[in-house]
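> here is a sequence with its predicted model. Questions after.
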Amino acid sequence: MDEKEKITEVTKVVEMPDLVSYMQLVIEQLENARKRPAAHTYTYALRSFTLFWGEGMPIPVDKVFTSGKLKEYEEWMRREGRKRKDGEPKGLSLNSISTYLRNLKAVYNRLVDEKLLPYDSKLFDDVYTKVESQIKRALDTEQMNVLLYTDFEQLPKGLQSPLVHFRLMFLFRGMPFIDLAHLRKQDVIGNYIIYSRHKTGRQMTVRIPQEAAWLMEKFKNTNPGSIYLFPILDGQSSYLSALRNFNRKLEKIAALLLPDVKLSSYTPRHTWATLAFYSGVSVGIICKALGHSSIKVTETYLKPFENERVDVANDELITSVAKCGKKKKVASKIPCNRFGQWLLLPNNHRTVSKMKRKSNKI
């Protein structure tokens, strides 16, 4: 390698890539790896940051990844991250803000790994990257009962399949919509479905409940040329198109069956997790059932419900203390023990005690 080639090679190393071109490359890699949900969020994160920076303007990564610029971007998202239907600016939700910033953090880590940027452990400390629990996405038992047992044939024809798919997602332990849509006919082995999660690649084995078996048979894909178990992707230009169509249909189903309740593709999964938690299923089992990479992810779903349990326990404790005071007025007793249990003695316990002491002296 001559001197000119060495200079060119060094220039390639130190040249800062543009954020748009770099993230488009990452998105392409995610698409090729069939990680479509991740590719989807990266696409929206890039669109958001481009709108913040100025469309058509170059975005060198060394100018993006500074604590000041990231904080400025966060504040912009809180204030005017998107537009309403009437064109007026509106702030993004905390979950959207966190998602976009975590996407940028992942991109930053890639750039650090490639020696394109220096590592700064505190770079994202001042911006919001937490994950808020999706408590509003979960239904209670009565609401889920309505969706699970309503006669779907009473619904308009175009809403019957979406309701059945919603049910199957719940019955298959909160299966994500992307996994249901991509289930293949060959994934059904006997009374089980064995497939790999799109998001993590983790293999899942799900037993087919009786409540799901007849729905699968009735709504299976009858196209012999299709590899998919259900015709969810048939006639759709992409998975995202199918997802949008599914969510639109769920809005209509909610309007008919559960007015004022919001349904989305996330609802069956969050509902399964929260109802299992309330039923006493351990977090570890719920984590395994959902195919989460760690219990921390599962705890994101369940954190508010853990707080509710603590509140209930506190109410029970206060009630037990109050009852202890009331009991003193109507019964002869010694104090409650440390578990709040009554240690009652008969009314003549003093006399009995004196007789025992006399007998001991004799």
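Happy to help now that I have it. Numbers count the residues shown, from 1 in each chain.

> burial of Ser93, as a residue count?
Look at Ser93: counted by other CB atoms under 10 Å, it has 13 neighbours. Heads up, the C-betas are built off the backbone N, CA and C, glycines and all.

> ramachandran coordinates for it?
phi -70, psi 160 (degrees, to the nearest 10).

> one more: Ser196?
Main-chain dihedrals, Ser196, degrees, to the nearest 10: phi -110, psi 130.

> so what's the residue nearest to it when sequence neighbours are not counted up against?
Leaving aside its chain neighbours, Ser196 sits nearest to Gln203 (5.3 Å; criterion: CB to CB, 6 or more residues apart in numbering). Neighbour list for Gln203: Ile194, Tyr195, Ser196, Arg197 [criterion: CB atoms under 8 Å, 6 or more residues apart in numbering].

> how far away is Gln203 from Asp187?
Counting by CB to CB, to the nearest Å, the gap from Gln203 to Asp187 is 11 Å.

> what does Tyr42 give?
Taken as CB to CB, the span from Tyr42 to Asp187 is 28 Å.

> can you pull out the strands in the chain?
Assigned by DSSP state E, the strands in the chain fall at 82-83, 89-90, 188-189, 192-196, 203-207, 333-334, 343-344.

> same list, those strands, but as TSV with mean pLDDT and distance to Pro176 please.
Formatted as TSV, these follow (pLDDT from 0 to 100; distance: least, CB to CB, whole Å):
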stretch	mean pLDDT	distance to Pro176
strand 82-83	78	25
strand 89-90	86	28
strand 188-189	96	18
strand 192-196	96	11
strand 203-207	95	10
strand 333-334	47	56
strand 343-344	46	53
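
> out of these, flag the one nearest His165.
When the strands of the chain are compared by CB to CB, strand 192-196 sits nearest His165, at 14.2 Å.

> residues in contact with the nearest residue to Leu92 once chain neighbours are set aside?
Leaving aside its sequence neighbours, Leu92 sits nearest to Gly81 (CB to CB, 6+ apart; 3.6 Å). Gly81 is in contact with Ser48, Pro89, Lys90, Gly91, Leu92, Ser96, Ile97, counting by CB under 8 Å, 6+ apart.

> can you flag the buried ones in these?
Buried residues within the contacts of Gly81, defined by neighbour count using 16 or more other CB atoms under 10 Å: Ser48, Leu92, Ser96, Ile97.

> okay if I get the residues you listed as TSV plus pLDDT?
Converted to TSV, these look like this (pLDDT from 0 to 100):
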residue	pLDDT
Ser48	94
Leu92	91
Ser96	89
Ile97	93
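
> among those residues, which are in helices?
If you go by DSSP state H, these have Ser48, Ser96, Ile97 in helices.

> what is the neighbour count of the closest residue to Thr205 other than its chain neighbours?
Setting aside the residues directly before and after it, Thr205 is nearest to Ile194 in space (CB to CB, 6+ apart), at 5.1 Å. As a burial measure, Ile194 scores 13 neighbours (other CB under 10 Å).

> when you give positions from now on, start the count at 140
Okay, using 140 as the starting number, the last item reads as Ile333.

> OK, contacts around Ile333?
Contacts of Ile333 (CB under 8 Å, 6+ apart): Asp326, Gln342, Met343, Thr344, Val345.

> can you count the residues close to the closest residue to the third one other than its chain neighbours?
Spelled out, it's Met343. Once flanking residues are discounted, Met343 sits nearest to Gly430: 5.2 Å by CB to CB, 6+ apart. Residue neighbour count, defined by other CB under 10 Å, stands at 22 for Gly430.

> do you know the pLDDT at Gly430?
pLDDT, Gly430: 89.

> touching, it and Arg341? I think so.
Yes - shown here, Gly430 and Arg341 form a contact pair, counting by CB atoms under 8 Å, at 5.1 Å.

> does Arg223 touch Gly230 like I think?
No - contact criterion CB under 8 Å: Arg223 and Gly230 do not qualify, at 10.6 Å.

> show me what counts as buried in stretch 187-199.
The neighbour-count check on stretch 187-199 (16+ other CB under 10 Å) flags Ser187, Phe188, Thr189, Phe191, Trp192, Ile198 as buried.

> and of those, the nearest to Gly297?
When the buried residues of stretch 187-199 are compared against Gly297 (criterion: CB to CB), the nearest one is Ser187, at 32.8 Å.

> now do the contacts for that closest one.
By CB under 8 Å, 6+ apart, the contact list for Ser187 reads Met216, Gly220, Leu231, Tyr239.

> try 6 Å this time
For Ser187, the contact set (CB atoms under 6 Å, 6 or more residues apart in numbering) comprises Tyr239.

> ok, Tyr334 next?
Contact partners of Tyr334, counting by CB under 6 Å, 6+ apart, are Leu322, Asp326, Met343.

> quick check: the nearest residue to the first one once chain neighbours are set aside vs Val436, distance?
Nearest residue to Leu322 in three dimensions, chain neighbours excluded: Leu368, at 4.2 Å (CB to CB, 6+ apart). Relative to Val436, Leu368 is positioned 26 Å away (CB to CB).
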